[in-house]
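Student: Structural data only, the sequence is not supplied:
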């Protein structure tokens, strides 16, 4: 847990919660907390711990994008969540969208663009969204609405290339997948948009589960989430996010992205969905570990 990404604090929270739950479940747990510059120490620290399974509670770059997964494969450790290819694809928003399109899943128009170009002009008609191509937790997201005086004034620490996508209006929905099973559909209600603070601050958002939506939309969210999980090649737990314009029925349902390592914090969505189907947090963590242990 920890690591160098912008989601470090979320990872530390996830890691602490999972370590506690796994101890309650009867496992022996060694916590490896990586500082921002301590990636090179990971092989030696794993060798000291000698784990049967590595529970990967890292989020964001390095921990969720295929790089640490490749290291685990190279060193011969079993580990939780998705492997190298699924992790890398899901973290690269542009490539993930192409995988979803090829699988017949509904996504909005999008393109990669130079950050300098995005600062200088509208690269697509507003409204649109600008975000890093390879970050999670709504880090670095800009919404350019109709009537804006100018293009997005991106901060100086944005990457050289960013993803620009058409804005999808509507309600925030999400579905977690465990193995090959969709757990449910949650609606996320906030006073503004679902940014980093809304995701991780107590009281930042309200989660309605099951979402109060038509049966057709509930079924579609479940179907699309399982298909997205399979199309990317995910393993274990994933979570797929949607926007739904309820004025357009099924045609208004848009798949935004799939998270291969959903947060496991007190306010996180996947544990809430697991609890809703009768799997408490300890049982969920146990399932994740046992699934990794039983892989070929």
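Tutor: Yep, that arrived. All figures in this text were calculated on a predicted structure; none of them were measured in a lab.

Student: use CA for all of it now, contacts and neighbours both
Tutor: Will do.

Student: what's the weakest-modelled helix or strand in this protein?
Tutor: helix 196-200 (a mean of 50; mean pLDDT, DSSP states H and E).

Student: Show me what secondary structure element comes after that one.
Tutor: strand 206-208 (DSSP states H and E).

Student: tell me which residues of stretch 97-117 are tucked away?
Tutor: Applying a neighbour-count criterion of 16 or more other CA atoms under 10 Å, one finds 97, 99-100, 105-107, 110-113, 115-116 buried in stretch 97-117.

Student: Between its first and last residues, what's the separation in it?
Tutor: 22 Å (CA to CA, to the nearest Å).

Student: List the residues that contact residue 228.
Tutor: By CA atoms under 8 Å, 6 or more residues apart in numbering, residue 228 lies in contact with 100, 103, 105, 240, 258.

Student: where does the stretch 101-250 of the chain dip in pLDDT?
Tutor: Scanning the stretch 101-250 of the chain for pLDDT under 70 picks out 136-139, 149, 192-204.

Student: Please enumerate the helices of it.
Tutor: Listed in chain order, the helices of the stretch 101-250 of the chain (DSSP state H, counting those that start in this stretch) span residues 115-120, 196-200, 215-232.

Student: May I see these arranged in TSV, with distance to residue 177 as well?
Tutor: Converted to TSV, the helices of the stretch 101-250 of the chain look like this (distance: least, CA to CA, whole Å):
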stretch	distance to residue 177
helix 115-120	34
helix 196-200	19
helix 215-232	6
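
Student: To residue 74, which of the ones you listed lies closest?
Tutor: Among the helices of the stretch 101-250 of the chain, helix 215-232 comes nearest to residue 74, with 21.2 Å by CA to CA.

Student: Just want the most central residue of this protein.
Tutor: The centroid of the chain falls nearest to residue 259 when counting by CA atoms, centre = their mean (2.5 Å).

Student: quick one: that one and residue 234 touch, right?
Tutor: No. Applying CA atoms under 8 Å as the test, residue 259 and residue 234 come out as separate, 9.6 Å apart.

Student: returning to what we had before: so which of the helices of the stretch 101-250 of the chain is nearest residue 266?
Tutor: Checking the helices of the stretch 101-250 of the chain against residue 266 by CA to CA gives helix 196-200 as the closest, at 8.5 Å.

Student: Next, count neighbours for residue 284.
Tutor: The tally of other residues near residue 284 (other CA atoms under 10 Å) stands at 21.

Student: which residues touch it?
Tutor: Counting by CA under 8 Å, 6+ apart, residue 284 has contacts 271, 274.

Student: Can you give me the buried ones in the host helix or strand of it?
Tutor: With secondary structure defined by DSSP H and E, residue 284 is part of helix 281-293. Buried positions in helix 281-293, judged by neighbour count with 16+ other CA under 10 Å: 281-289, 291-293.
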